[in-house]
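**Student:** Show me the folded form of this:
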Amino acid sequence: MSALDSARQWARAIKRDVVALWIAARDPRVPWYAKATAGAVAAYALSPIDLIPDFIPILGYLDDLLIVPLGIMLAVKLVPADLMREFRQEATRREKPASKVGLAFMIALWALAALALTWLFWPRPA
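**Tutor:** All right, here's what the predicted structure looks like:
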């Protein structure tokens, strides 16, 4: 198996786990702290807008390469193993959902950042 094949398998597993965490966040059998973590990770990973836009050199892909996988690993560890197996099986049968909550959160975060920068740099009378 080549390195490219390994990377493709890893990427498929990540995509499957994001959908599995999306399912876990809605399941009543999952503890609340695991639900909260799984929901936050899935919402961010499924959001069409990143916290750090991809066009920013190096930092733009940092969230895709580090933050999202680390969040997924943490959330997977918090969900009970037998439930996670079940959610992974269900995730392979489902399509990847889109996160409107994640989109709304990212838009709100960027709007707050724009407002903060505007307030910070707005000229004030002397």
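**Student:** how about the residue sitting nearest the centre point of the chain, what does it touch?
**Tutor:** Central residue of the chain (C-alpha atoms, centre = their mean): A45, 2.4 Å from the mean position. Contacts for A45 (C-beta atoms under 8 Å, 6 or more residues apart in numbering) come out as 18, 21, 68, 71-72, 99, 102. (Each C-beta comes from the backbone N, C-alpha and C, glycine too.)
**Student:** Okay, and it sits in which element?
**Tutor:** In the assignment (DSSP states H and E), A45 maps to helix 32-46.
**Student:** Just give me the least confident of the contacts of A45.
**Tutor:** Lowest pLDDT within the contacts of A45 is found at S99 (68).
**Student:** Just the residues contacting stretch 49-63, thanks.
**Tutor:** Counting by C-beta under 8 Å, 6+ apart, 44, 64, 67, 102-103, 106-107, 109-110 sit against stretch 49-63.
**Student:** Could you list the buried residues of stretch 56-72?
**Tutor:** Within stretch 56-72, the residues scored as buried using 16 or more other C-beta atoms under 10 Å are 63, 67-69, 71-72.
**Student:** Then stretch 100-119?
**Tutor:** By neighbour count on 16+ other C-beta under 10 Å, the buried set for stretch 100-119 is 102, 105-106.
**Student:** can you give me the offset of that stretch from its chain's centre?
**Tutor:** Distance of stretch 100-119 from the chain centroid (C-alpha atoms, centre = their mean, to the nearest Å) equals 17 Å.
**Student:** Run through who's touching it.
**Tutor:** Contacts of stretch 100-119 with the rest of the structure, by C-beta under 8 Å, 6+ apart, involve 42-51.
**Student:** No further queries at this time; thank you.
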